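Asker: Build me a model:
(chains A and B)
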Amino acid sequence: MYRYDDYDHTIVQARVAQFRGQTERYLAGKLSDDEFRPLRLQNGLYIQRHGPMLRLAVPYGLISAAQLRRFADIARRYDRGFGHFTTRHNLQLNWVKLPDVPQILADLAQDELHAIQTSGNCIRNVTTDHFAGVAADEIADPRPWAELLRQWSTFHPEFVYLPRKFKVAVSGSREDRAAIQVHDLGLQVVRNAAGEIGFTVYAGGGLGRTPLLGQLVREFLPWQHLLTYTEALVRVFNRHGRRDNAFKARIKILVKALGAEEFAQQVDAEWSQLKDGPSTLTTAEVDRVSAQFAAPNYETLAPDDLCHLAHLREDKAFSRWVERNVQSHKVPGYAAVTLSLKKPGTAPGDATSEQMDAAADLAERYSFGELRVSHEQNLILADVPQRELYTVWHRAKAAGLASTTAGLIQDLIACPGGDFCGLANARSLPVAAAIQERFEDLDYQHDIGELELNISGCMNSCGHHHLGAIGILGVDKTGEEWYQITLGGRQGNDARIGEVIGRSFAAAEVPDLVERLIAVYLAARHADERFIDTVDRLGLEPFRAAAYPNPHQSRRIANA
Amino acid sequence: MLEQPPRQIIKERRLQDDAWKVVTPLAGQPAFDVCLPVGPLLVPLAVWKAKKACLIHREYEHGTPLGIWLAPEDDPTEIAGDVDDFTVIAVHFPKFTDGRGYSTARLLRERYGYDGELRAFGDIGRDQVFFLNRVGFDSFVIGEGRSAEDALAAFDDFPEVYQAGADLPIPLFRRRAA
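Answerer: Sure, this is the predicted structure:
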């Protein structure tokens, strides 16, 4: 992974000192709330229901064992011994105290960690594929490009006060696992006919109040121009994005208003002035950064480990875990393991300090000392030898990290919702817990198979409900919590925004409703058809009919 | 107009007296009717366009230097051909969270070759100065109720930076390689 040199250390430590000064001035009454707000947000600090929430960055989801232990330590010393992993690779702490935050940042900096630009109207943490570097369908490793973008965007002086937040995702594989089409800027690594690396560029995607997929703005951007082109694109946004209405300030609204073609032309006009300038990337720099993501020293192993095969035959629970939580690896004899942060009774994505320490130990012993944080709010050990899987499973089980549910309904995505978040209209966690409980039976879950169920507590869509095969959105109606259901959303190459099925439901109705939707699928599915495939084949109508069996009564029942 | 005491601005990284006045048209007033008080003036873009000849005459006749101020929405392209006429170009920040002026500054410096005084004024303070300086501003009228003295310290907030800017045309990765 990328290790800091003196320059990187100097910059991050200067940030710690700067924020210490800003916090001191705020606490001394020299900075008003309004003056301090954007400054603290750009350090990931929100003021929430229970006090400050601090969002720590995991740049492009890659974290070392030592760094994860640092998170565990910080959660223990400054919070209540747990943290929440988000859909954008970050870790949120919900109970920190404002005067402690400068010291937390100083502690983080010791392990090359920070909370830089994890919030605020600036360029946010760049995200990518949690299987980067190990996926069999990879065109090129996206992480060096994500790191180059991280450096370029860190304290970019022109873009400290954008109209609104700006999220970038990079995918380097054929199957997009980074949801690039729902980002403000989505970059797909491609090779041209000559085998040269470049990017297909999408702009203006995003969820939230106006969910839109990113528009193609450039088919092939040669890698040398990554930074100059991005600078041109963000400059067009900075100058022309709307600032009169926060709900219309994302770049997607600008791209939609201008049309993708006109937007792309404006970017090109700007880029023509920056192209080939000093910010054009050099082979030397790309090589320097890429070298830090070189593959670890893999052993030469047989594609199938005999002991592993025996365990698979003999231990049903193990084989089920392998089926769901172990992914193939491009190197023979290795596998990628999903350590699940999902189980009934715990908020999706939550990990205790003990679990973080346990995951760090597993990474150190079995996976070259590194982990990934996935978009689905789990931890990934990307490089585990097959022969160790049985041991890893036992140890993961002991740490409560081995729910056999990756990709199943219990692996649902949820934001912290109204229990923690100041923005939320409704709570997400009780709804998530009720669904997880309803489907706790493993046989039932496995029978249902792959199903992405995503829950957001408000239109900001941190739980990516638009992309769930079943999406659940908390809405506020005259002070009561209601939940709107969408169907048919998906991430990946064929990303689609789910469609609203009808009127909203009360919290207590949601598990029954989800079960009715699933019953339609179970009754109608063809062999090997996933929930989402059946939705595609049948359309929404049969699901609607099941959701609202008695359309004339439904309103009354809901309000009862 | 009453004579105001000289106020202090940050220029060349120190506090200095300043005599420039900002001309702001009254609501609905046609740009051509705006009156021009004696002394060095920062006029809005519309006034510059409407009274260019008159302003230049003033410069020749009385030796009064020319200045202009741009609002966040003003396109610096409109003065691209005139930049050499100005002693001061100022950019207004009605709210410090409106970041358009940062792009305006880079365009003036890096694209249109303006090398005179580039001034930020409005709702700005210590926590903006470092970044404003990086995009090309070299003078700062610190907002009301904020300490210009404090803001002087901000130039050194970061001893090293990753990107190229108006202050430093070479990004870190090219210096790293050297």
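Asker: Residue A:390 - nearest residue in space that isn't next to it in sequence?
Answerer: Of all residues not flanking residue A:390 in the chain, residue A:311 sits nearest, at 4.6 Å (C-beta to C-beta, 6 or more residues apart in numbering or on different chains). Where you see a C-beta, it was placed from the backbone N, CA and C, and this is true even at glycine.
Asker: got a list of what residue 121 touches?
Answerer: Answering for chain A, as no chain was given. Taking C-beta atoms under 8 Å, 6 or more residues apart in numbering or on different chains as the criterion, residue A:121 is in contact with A:38, A:41, A:161-166, A:249, B:97, B:99.
Asker: could you do chain B instead?
Answerer: Residues in contact with residue B:121 (C-beta under 8 Å, 6+ apart) are B:22, B:69, B:90-93, B:140-141.
Asker: how much space is there between residue A:522 and chain B?
Answerer: 51 Å (C-beta to the nearest C-beta, to the nearest Å).
Asker: right, and that residue touches residue A:451 too?
Answerer: No - in this structure, residue A:522 is not within contact of residue A:451 by C-beta atoms under 8 Å, at 11.1 Å.
Asker: give me phi/psi at residue A:212?
Answerer: phi -140, psi 150 (degrees, to the nearest 10).
Asker: Repeat that for residue B:38.
Answerer: Main-chain dihedrals, residue B:38, degrees, to the nearest 10: phi -70, psi 150.
Asker: Spell out which parts of the stretch 451-560 of chain A neighbour chain B.
Answerer: Within reach of chain B by C-beta under 8 Å from any C-beta of the partner chain, the stretch 451-560 of chain A has no residues at all.
Asker: Could you pick out the residues of chain B near chain A for me?
Answerer: Contact residues, chain B versus chain A (C-beta under 8 Å from any C-beta): B:96-100, B:102-104, B:106, B:111, B:125, B:127-128, B:130-132, B:134-135, B:157-165, B:169-174, B:176-177.
Asker: In strands, which of these fall?
Answerer: Cross-referencing the residues of chain B next to chain A against strands under DSSP state E gives no overlap.
Asker: Buried ones among those?
Answerer: Neighbour counting over these (16 or more other C-beta atoms under 10 Å in any protein chain shown) leaves B:96-100, B:102-104, B:106, B:125, B:127-128, B:130-132, B:134-135, B:157-158, B:161-165, B:171-174 as the buried ones.
Asker: Keep only those of the contacts of residue B:121 that are in strands.
Answerer: Using DSSP E, the contacts of residue B:121 in strands are B:22, B:69, B:90-93, B:140-141.
Asker: Kindly indicate the member of these with the most neighbours.
Answerer: Most neighbours among the ones in strands among the contacts of residue B:121, by other C-beta atoms under 10 Å in any protein chain shown: residue B:91, with 28 neighbours.
Asker: Surely that one is in contact with residue B:124?
Answerer: No - with contact defined as C-beta under 8 Å, residue B:91 does not count as touching residue B:124 (10.0 Å).
Asker: tell me the contacts of the residue of the stretch 301-450 of chain A found nearest chain B?
Answerer: Using C-beta to the nearest C-beta, the single residue of the stretch 301-450 of chain A nearest to chain B is residue A:423, 18.2 Å away. Counting by C-beta under 8 Å, 6+ apart, residue A:423 makes contact with A:457-458, A:460.
Asker: Residue 8: how many residues sit nearby?
Answerer: In the absence of a named chain, chain A is used. Considering only other C-beta under 10 Å, residue A:8 is surrounded by 18 other residues.
Asker: that's the other chain; I wanted chain B
Answerer: 15.
Asker: residues in contact with it?
Answerer: Contacts of residue B:8 (C-beta under 8 Å, 6+ apart): B:15-18, B:148.
Asker: where does it fall, helix, sheet strand or coil?
Answerer: strand (DSSP: H, G, I helix; E, B strand; the rest coil).
Asker: Residue B:7 and residue B:17 touch, don't they?
Answerer: Yes - between residue B:7 and residue B:17 there is a contact at 7.4 Å, judged by C-beta under 8 Å.
Asker: how about the strands in the stretch 201-350 of chain A?
Answerer: A:215-222, A:326-328, A:334-339, A:350-352 (DSSP state E, counting those that start in this stretch).
Asker: which residues of chain B fall in helices?
Answerer: Using DSSP state H, the helices of chain B run over B:45-50, B:52-62, B:100-106, B:126-134, B:148-151, B:172-177.
Asker: Spatially nearest residue to the closest residue to chain A within chain B (excluding sequence neighbours)?
Answerer: Ranked by C-beta to the nearest C-beta, the top residue of chain B for proximity to chain A is residue B:99, at 3.0 Å. In space, and not counting its chain neighbours, residue B:99 is closest to residue A:161: 3.0 Å by C-beta to C-beta, 6+ apart.
Asker: Also residue A:331?
Answerer: Computed as C-beta to C-beta, 6+ apart, the closest residue to residue A:331 that is not its neighbour in sequence is residue A:298, at 4.9 Å.
Asker: What is the neighbour count of that neighbour?
Answerer: Neighbour tally, residue A:298, other C-beta under 10 Å: 15.
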